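Engineer: here's a sequence, model it:
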Amino acid sequence: MNKLLQGVMALVLMASSAGVMAQPSVRVVGLFPNAAVLSIDGQRTLVKAGQSGPQGVEVVSADSRSAVLKIAGVTSTHTLSRDYGSGGFATPEKRRLTISKGAAGHYWVTGLVNGNTVPFMVDTGASTIAMNATQAQRLGLDFKKTGVPVMVNTASGTEQAWRVYLNSVKLGGIEVLGVDAMVLDSDFPRDVLLGMSFLSRVSWREEQGALIVEAKH
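Structural biologist: Alright, predicted model coming up:
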């Protein structure tokens, strides 16, 4: 009986040890300066350098080539990898959005910034997504605390602005993670401009009075 009890206890201890030692499945599926998009047990999330994501996975540093991660106390370097599902590599269907030309020849589309609804005016001449202070506050962006102060040239002259980092920008089924944006401490621009910091990360073209936007594979 004592031997049987000892055997059961040994199995319990082994199972407990296995649970403690089990590490999450982590892949780097997106790389940016000082941030990485991680797939942790199938859950995609953007984690900035110096911060921790789900299950305590920490991004120590990151650039366009690789990310240094700390997983369960072990630090290692990871390069960009494919995102695999339980059935192997999953190639998503190409996502496409058609935007009709609106007033004054502009393209207008409603999207999401960090999960919040935003009406965009597409502006291929803008280097980044741009918005005014009021619009940023509605999105919950504490830009003066988290942003980098810069001076920018506008039609009305030089203005104070803050460069910020948007975790997610989504149009329809097209989502881009880790997008640069600019917040101007004024009433300009009147509309949130969807600039090249997003558009350069997707495929787009004008076709018969419409803007066709597609996700890159």
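Engineer: helices along the chain, start to end?
Structural biologist: Assigned by DSSP state H, the helices in the chain fall at 2-21, 133-138, 143-146, 196-199.
Engineer: by mean pLDDT, show me the worst of these.
Structural biologist: Considering the helices of the chain one by one, the lowest average pLDDT is found for helix 2-21, at a mean of 45.
Engineer: how is this structure divided into domains?
Structural biologist: The record's domain split for the chain, according to automatic domain parsing, is 24-83, 96-215.
Engineer: comparing those domains, which yields the minimum mean pLDDT?
Structural biologist: The bottom spot among the domains of the chain, by mean pLDDT, belongs to domain 24-83, with a mean of 82.
Engineer: give me the distance from that one to the chain's centre.
Structural biologist: On the basis of CA atoms, centre = their mean, to the nearest Å, the separation between the geometric centre of domain 24-83 and that of its chain is 12 Å.
Engineer: heads up, I number from 219, so please use that
Structural biologist: Right, with 219 as the first residue, what we last looked at is domain 242-301.
Engineer: next, format the domains of the chain as CSV and append mean neighbour count.
Structural biologist: The way it works is simple: take the backbone N, C-alpha and C, and place the C-beta from them, glycine included. What follows is these, written out as CSV (neighbours: other CB atoms under 10 Å):
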stretch, mean neighbour count
domain 242-301, 16
domain 314-433, 16
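Engineer: which residue is nearest the middle of the chain?
Structural biologist: Centroid check for the chain by CA atoms, centre = their mean gives Leu395 as the closest residue, at 2.0 Å.
Engineer: may I have the residues that are in contact with that one?
Structural biologist: Residues touching Leu395, when contacts are defined by CB atoms under 8 Å, 6 or more residues apart in numbering, comprise Gly248, Val255, Arg262, Leu264, Asn385, Ser386.
Engineer: at 10 Å instead, please
Structural biologist: 247-248, 250, 253-255, 262-264, 384-388, 419 (CB atoms under 10 Å, 6 or more residues apart in numbering).
Engineer: Thr316: which of those is nearest?
Structural biologist: Nearest to Thr316, judged by CB to CB, of these is Lys388 at 16.0 Å.
Engineer: okay, and the beta partners of that closest one?
Structural biologist: With DSSP bridges applied, the residues forming beta bridges to Lys388 are Leu330, Glu393.
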